[in-house]
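A.B. asks: Quick one, what's the 3D model for this:
(one chain, ligands or ions: 1)
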Amino acid sequence: MPQAATLLPQWRGEAVTPLHPDTAFNGFICAHVVHALQGLGLLDELDGGAVDLAGFSAAHRLDADVVRALAAAAARFGYLEVRDDHAVAMPLIADARRVLGFFTWGVGGYHDVFAHAAALARGERRFGVDLHRDEGMVALGSAQADRALMRHLLDEQIAQLDFGLLVDLGAGVSERVSRLVRGRARSRGIGIDISEPATELGRQTVARYQLSDRVEPVCADVLDILFAGHRVGAAEQADVVMSFMFLHDLLADPVRRDQVVPRLRDAFPKAHTFLLADTTVSPAGGDDDRLPIFSSGFELAHALMGVPIYTREQYERLFDAGGMRLRRTVAFGAPHTYLFVLEPA
Ligand SMILES: C[S@@+](CC[C@H](N)C(=O)[O-])C[C@H]1O[C@@H](n2cnc3c(N)ncnc32)[C@H](O)[C@@H]1O
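C.D. replies: Just a heads-up that it's a prediction; the model follows:
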């Protein structure tokens, strides 16, 4: 059985548990401040040196008092120094920038879901009916995390593979498939996503990459491809099939769960490699008193939405039972996130 790259040091995290309520409350506020500074563009501006808060506010038509209050809060948390109405980045900002995607994901994408957890428990609100995540922010957070933490790891795997046609399932805005096709002469790609807005954004991504003749974003339900014989152009000719942060969605229905992996094989009979990445449930127990970023939020958010998520071992068993051989498991940047490199057995 191939071994995973061992736990990366950053998966150990820096959040010491038990988390004192003082730390918890301040962390909640701090996360919102970081997200706001990112959204306003102040974090980017700080890269260029000291930022004049009055000038920055005027240039971006912002309320200078609100900007100053956010900068003061960030200074109190140790992210900035503010002197003479100028903000200067402290070293912690570099750490925050690396993991900004998780703030975008959590604060931007899931704030309503977390805030209404009690209402969900009481049955007063229902996810997907009268309670929603912000899909745009979830997609943006994913893209930020990909850029900062995962891209180079995927590139290392792709560099080892021959492919003429690459298919990405649950492709979002088709960024990954476009980037990879651009990097491989004469290759083509198809990005399949159930969301029409994401597919439309995918067309814009493809145009931006000037790949309209080589990459096609297609709006379709992957479950229809696997279970209802739906065909998407030349997709069944794919040499390499990928999916990122989407596998748990495919497995959500307990009745069809065990059939998903065999159906993937059947739907893409020519694929020699499947690159399937997802975040897993962090291992229970252990004596580690430090939590990494993201995992607690990922696990709670999916529990609140009623979407099961899986351990690494559960995924590996599912692949094995479904007729896929694990070539390797790669620790994939974000905590407890793996890229499973598979081939038909
Ligand atoms: C968490 S996002 C990941 C997007 C992208 N792969 C990434 O890593 O940034 C999951 C994506 O799967 C899409 N999706 C969910 N269910 C789907 C289905 N049944 N068929 C196709 N796409 C689906 C969603 O619209 C969303 O874009």
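A.B. asks: Tell me which helix or strand the most centrally placed residue in the chain sits in.
C.D. replies: Nearest to the mean C-alpha position of the chain, by Cα atoms, centre = their mean, lies residue 142 at 3.2 Å. Secondary structure assignment for residue 142, by DSSP states H and E: helix 135-145.
A.B. asks: Now that helix: average pLDDT?
C.D. replies: Taken as a whole, helix 135-145 carries a mean pLDDT of 88.
A.B. asks: Please point out which parts of that helix sit buried.
C.D. replies: Buried positions in helix 135-145, judged by neighbour count with 16 or more other Cβ atoms under 10 Å: 137-145. Every residue, glycine included, has its C-beta placed from N, CA and C.
A.B. asks: how about the residues of this structure near the ligand?
C.D. replies: Within the chain, the positions adjacent to the ligand are 142-143, 170-172, 192-195, 198, 221-223, 244-246, 249 by Cβ under 6 Å from any ligand atom.
A.B. asks: export the helix or strand that the helix holding residue 142 is followed by as CSV, just CAs?
C.D. replies: The helix or strand immediately downstream of helix 135-145 is helix 151-158, counting by DSSP H and E. What follows is helix 151-158, C-alpha atoms only, in CSV (Å, rounded to 0.1, in the frame of the first residue of the first chain):
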residue,chain,number,x,y,z
ARG,A,151,-0.7,24.4,-7.4
HIS,A,152,2.9,23.4,-7.3
LEU,A,153,2.0,19.9,-5.9
LEU,A,154,-0.5,19.3,-8.8
ASP,A,155,2.1,20.5,-11.3
GLU,A,156,4.6,17.9,-10.0
GLN,A,157,2.1,15.1,-10.6
ILE,A,158,0.9,16.4,-14.0
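A.B. asks: circling back to that earlier point, would you agree the residue nearest to the centre of the chain is in contact with residue 277?
C.D. replies: No - with contact defined as Cβ atoms under 8 Å, residue 142 does not count as touching residue 277 (11.1 Å).
A.B. asks: shared neighbours, those two?
C.D. replies: Common neighbours of residue 142 and residue 277 (criterion: Cβ atoms under 8 Å, 6 or more residues apart in numbering): 244-245.
A.B. asks: how about the strands of the chain, start to end?
C.D. replies: 15-16, 51-52, 80-83, 86-89, 165-169, 188-193, 215-219, 240-244, 273-279, 290-291, 324-331, 337-344 (DSSP state E).
A.B. asks: As JSON lines, those strands with mean neighbour count would be great.
C.D. replies: Compiled in JSON lines, the strands of the chain are given as follows (neighbours: other Cβ atoms under 10 Å):
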{"stretch": "strand 15-16", "mean neighbour count": "12"}
{"stretch": "strand 51-52", "mean neighbour count": "19"}
{"stretch": "strand 80-83", "mean neighbour count": "17"}
{"stretch": "strand 86-89", "mean neighbour count": "20"}
{"stretch": "strand 165-169", "mean neighbour count": "28"}
{"stretch": "strand 188-193", "mean neighbour count": "26"}
{"stretch": "strand 215-219", "mean neighbour count": "22"}
{"stretch": "strand 240-244", "mean neighbour count": "24"}
{"stretch": "strand 273-279", "mean neighbour count": "23"}
{"stretch": "strand 290-291", "mean neighbour count": "14"}
{"stretch": "strand 324-331", "mean neighbour count": "18"}
{"stretch": "strand 337-344", "mean neighbour count": "21"}
